[in-house]
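K.L.:
Everything below, folded, please.
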Amino acid sequence: MKLIVGLGNPGRRYRLNRHNLGFRAIDHIAETSSIRIKVKKFRALIGEGRIMDEEAILAKPQTYMNLSGVAVEALKGFYRIGLSDVILINDDFDLNFGRIRIKQRGGDGGHLGLRSVIEHLGDDRFLRIRLGVGRPVTDQEATEYVLSNFSREEEETLPKFLDIAEKAVKALIGCGVQKAMNEFNSLAIS
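P.N.:
Now for the predicted structure:
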């Protein structure tokens, strides 16, 4: 069983923010996989189904970004999911918009949601799919930037970006980490 978690902030106010790209990826995967995310459990909205013939739980923590680890830890424990079967999807300020980077482990890179997950799991050996949101072109503060909405041009490109994110998840499940990294770590939408 895989636990696939998208990071974001709950509520209408944050719905279209760059920081909610993980939630949007989960929503896209749920839609294309016919998984309904409707149950609130362990401070997360979850849906259960199958992806690539593998049982999967899709989750969107409702704890706000900086406490995401609370929900991830509870879900992982309840479903008895090993670290190698946790896939976290998060926005990444250090990657250009449209870039994807798959990692097997590592630090939080200043991402407070990722930091919370690492702290609550007590380990960094879980899979991550980092989705690039880029940096501001002005001297806008990082927090202000990630809590702002995508530009019109970026929003028009998002469906293609979310399709690629979904394919990356399926590649991780179906082909393994190394093949998925080889295929997606050099990929960028145009």
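
K.L.:
So Gly49 is in contact with Lys38, correct?
P.N.:
No - using CB atoms under 8 Å, Gly49 and Lys38 do not qualify as a contacting pair, with a distance of 11.5 Å. Quick note: C-beta positions are derived from backbone N, CA and C, even for glycine.

K.L.:
Of the two, which one has the most company?
P.N.:
It is Gly49, of Gly49 and Lys38, that has more neighbours when counted by other CB atoms under 10 Å, with 16 against 9.

K.L.:
hey, C-alpha coordinates of whichever strand or helix holds that one in CSV?
P.N.:
Assigned by DSSP states H and E, Gly49 belongs to strand 44-51. Taking Å, rounded to 0.1, in the frame of the first residue of the first chain, the C-alpha atoms of strand 44-51 are listed here in CSV:
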residue,chain,number,x,y,z
ALA,A,44,-6.4,14.8,6.6
LEU,A,45,-8.8,14.5,3.8
ILE,A,46,-8.2,11.0,2.3
GLY,A,47,-9.4,8.7,-0.5
GLU,A,48,-8.6,5.1,-1.0
GLY,A,49,-8.3,3.3,-4.3
ARG,A,50,-5.8,1.7,-6.7
ILE,A,51,-3.1,3.2,-8.7
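
K.L.:
mean confidence score for that strand?
P.N.:
The average pLDDT within strand 44-51 is 97.

K.L.:
How much space separates Ser151 from Thr138?
P.N.:
12 Å (CB to CB, to the nearest Å).

K.L.:
quick one, which of the two is more surrounded?
P.N.:
More crowded of Ser151 and Thr138, by other CB under 10 Å: Ser151, with 12 against 7.

K.L.:
how about that one, phi and psi?
P.N.:
Note on Ser151: its backbone torsions stand at phi -70, psi 170 [degrees, to the nearest 10].

K.L.:
can you map out the strands along the chain?
P.N.:
For the chain, the strands defined by DSSP state E occupy 2-6, 39-41, 44-51, 54-61, 86-92, 100-103, 127-132.

K.L.:
Not counting its own residues, what contacts the shortest one?
P.N.:
If I follow you right, that is strand 39-41. With contact meaning CB atoms under 8 Å, 6 or more residues apart in numbering, strand 39-41 is reached by Leu45, Ile46, Gly47, Glu48, Gln62, Leu75, Phe78.
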